[in-house]
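> I need the structure of the sequence given here:
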Amino acid sequence: MTNSRMFHDESGHAGEGSKSDQLQVRAWVKTISDPNEHKEFMERLHVGSQFDMRYRGLVEYYGDDLIAYKRKNLSSKHVNDFLYIFSKYLTDHLEDDCPPSWKEFHPQLWEEFIYACFPMYLDISLKQNKSEIFQKQLKKFIYWLDKRSGCSWYSTVEKCIEDGLEELKTCEKIFNALFLHSYPNLHQKDLNPLEDIAKIEARLQGCDTTLNSIFEVTNITDGIVSVRDIDTNTALQIAAFPTTISTGILLEGTIGMNNYDFYWTWLATQAVYPNKAQNYIQFVD
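Below is the predicted model of the structure:
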């Protein structure tokens with residue numbers, strides 16, 4: 001899976017699966033002696049919970065800023081959705097590798113957030129405008145953050161967005177089309193997701209071989225989509241792909257085939273990424 005973390009033993013050597021592995025747990029203790037401080041802490045906890053920020057954010061520098069920004073925009077769903085994704089990036093993906101301050105961030109982290117993290121949390125929508133909304137919310141937040149923290153990240157982030165927005169919008173269209181293929185009544189009142197899921201599971205179980213990975217689209221010829229498994233570098237071919245796609249796009253999902261098949265079949269979709277995302281995707285055995 002993407003963004004997985006490996007634990008290390010005390011000598012610093014990676015040893016996943018060995019007896020020397022040490023499960024490392026980082027814990028914090030917050031001492032509160034003043035009633036007003038306790039009240040403020042509980043209010044921060046409540047505000048953070050509105051965009052599902054993990055508790056570790058309450059003791060990290062970025063938690064103060066995310067909570068302060070939320071307080072300025074308490075009724076905005078777009079702000080809440082943005083903070084949900086950004087807090088997931090900081091707490092779940094960067095975790096202990098997060099830089100100690102905004103000033104010590106670097107351009108690659110903003111690029112990773114835009115190209116590799118955001119597509120993981122992309123929602124299906126009728127208007128298919130989530131990428132547009134995301135980039136607007138990100139720019140608003142960075143403009144506010146620069147003023148608050150004394151940083152100057154706006155031009156860097158704006159350049160990342162300008163370079164990748166059209167590809168993100170393409171990814172969003174493909175993602176929506178693939179989901180509608182699997183869930184044709186997704187936007188209808190008579191949606192029965194359990195029935196659609198059962199059909200997908202039946203297709204998976206009906207295959208002799210299945211493969212879940214992230215695939216780079218390398219060529220499209222006569223209805224055959226050639227892809228490269230970016231984990232193993234294996235070249236594969238998919239027939240009867242359910243929607244129009246572009247070369248360079250990264251498709252995360254499951255393909256399958258039977259022993260007598262020559263081509264693979266696309267079975268299930270998890271995410272669609274711009275090509276630049278593969279610079280930040282790591283696989284852990």
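> what's the longest helix in the protein?
The residue-count maximum for a helix in the chain (DSSP state H) belongs to helix 154-182.
> So which elements touch that helix?
helix 107-112, helix 130-149, strand 265-273 (3 or more C-beta pairs under 8 Å, 6 or more residues apart in numbering; DSSP states H and E). Every residue, glycine included, has its C-beta placed from N, CA and C.
> Go through these and name the closest to Lys77.
helix 130-149 (9.7 Å; C-beta to C-beta).
> Where do the strands of the protein begin and end?
Using DSSP state E, the strands of the chain run over 209-221, 224-229, 235-239, 250-257, 265-273.
> Columns distance to Gln188 on top of those strands, output as CSV?
Putting these into CSV (distance: least, C-beta to C-beta, whole Å) gives the following:
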stretch, distance to Gln188
strand 209-221, 28
strand 224-229, 28
strand 235-239, 28
strand 250-257, 23
strand 265-273, 19
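> May I see these arranged in TSV, with mean neighbour count as well?
Output for the strands of the chain, formatted as TSV (neighbours: other C-beta atoms under 10 Å):
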stretch	mean neighbour count
strand 209-221	17
strand 224-229	19
strand 235-239	16
strand 250-257	21
strand 265-273	21
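> Turn those strands into TSV, including mean pLDDT and distance to Phe105.
Shown next, in TSV, are the strands of the chain (pLDDT from 0 to 100; distance: least, C-beta to C-beta, whole Å):
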stretch	mean pLDDT	distance to Phe105
strand 209-221	97	25
strand 224-229	97	31
strand 235-239	97	37
strand 250-257	97	24
strand 265-273	95	21
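> Out of those strands, flag the one nearest Tyr143.
In terms of C-beta to C-beta, the element of the strands of the chain nearest to Tyr143 is strand 265-273, at 26.2 Å.
> Find the residue at the geometric middle of the chain.
By C-alpha atoms, centre = their mean, the chain has its centre lying nearest to Met120, at 2.7 Å.
> My guess is that residue contacts Tyr280. True?
No: using C-beta atoms under 8 Å, Met120 is not in contact with Tyr280, being 11.2 Å away.
> returning to that earlier point: among the strands of the chain, which is nearest Asp285?
Among those, if distance is taken as C-beta to C-beta, the winner is strand 209-221, at 12.8 Å.
> how about the strands of the chain, which one is nearest Tyr89?
strand 265-273 (14.4 Å).
> Now Phe179: closest residue in space, sequence neighbours ignored.
Ile124 (5.3 Å; C-beta to C-beta, 6 or more residues apart in numbering).
> how many neighbours does that neighbour have?
Using other C-beta atoms under 10 Å, Ile124 has 15 other residues around it.
> Backbone dihedrals for it, please?
Backbone dihedrals for Ile124, given as degrees, to the nearest 10, come out at phi -80, psi 140.
> ok now do it, which residues does it touch?
175-176, 179-180, 186 (C-beta atoms under 8 Å, 6 or more residues apart in numbering).
> which one of those residues is nearest Gly223?
Ranked by distance to Gly223 (C-beta to C-beta), the contacts of Ile124 are led by Leu180 at 19.5 Å.
> Can you tell me which helix or strand of the chain has the lowest average pLDDT?
Lowest on mean pLDDT, DSSP states H and E among the helices and strands of the chain sits helix 35-50, with a mean of 86.
> coming back round to it: closest to Ser33 out of the contacts of Ile124?
Using C-beta to C-beta, Phe175 comes nearest to Ser33 of these, at 49.7 Å.
> For stretch 240-257, C-alpha coordinates in PDB please.
Taking Å, rounded to 0.1, in the frame of the first residue of the first chain, the C-alpha atoms of stretch 240-257 are listed here in PDB:
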ATOM      1  CA  ALA A 240     -12.100  -3.600 -22.700                       C
ATOM      2  CA  PHE A 241     -11.100  -0.800 -20.200                       C
ATOM      3  CA  PRO A 242     -14.400   0.700 -18.900                       C
ATOM      4  CA  THR A 243     -13.600   4.400 -19.700                       C
ATOM      5  CA  THR A 244     -11.400   6.700 -21.800                       C
ATOM      6  CA  ILE A 245      -8.000   7.300 -20.100                       C
ATOM      7  CA  SER A 246      -4.700   9.100 -20.900                       C
ATOM      8  CA  THR A 247      -1.200   7.800 -21.000                       C
ATOM      9  CA  GLY A 248       0.900   8.600 -17.900                       C
ATOM     10  CA  ILE A 249      -2.000   8.400 -15.500                       C
ATOM     11  CA  LEU A 250      -1.600   6.100 -12.500                       C
ATOM     12  CA  LEU A 251      -4.500   3.800 -11.700                       C
ATOM     13  CA  GLU A 252      -4.700   2.200  -8.200                       C
ATOM     14  CA  GLY A 253      -7.000  -0.800  -8.200                       C
ATOM     15  CA  THR A 254      -7.400  -4.500  -8.900                       C
ATOM     16  CA  ILE A 255      -7.100  -6.400 -12.200                       C
ATOM     17  CA  GLY A 256      -7.900 -10.100 -12.800                       C
ATOM     18  CA  MET A 257      -7.700 -12.800 -15.400                       C
END
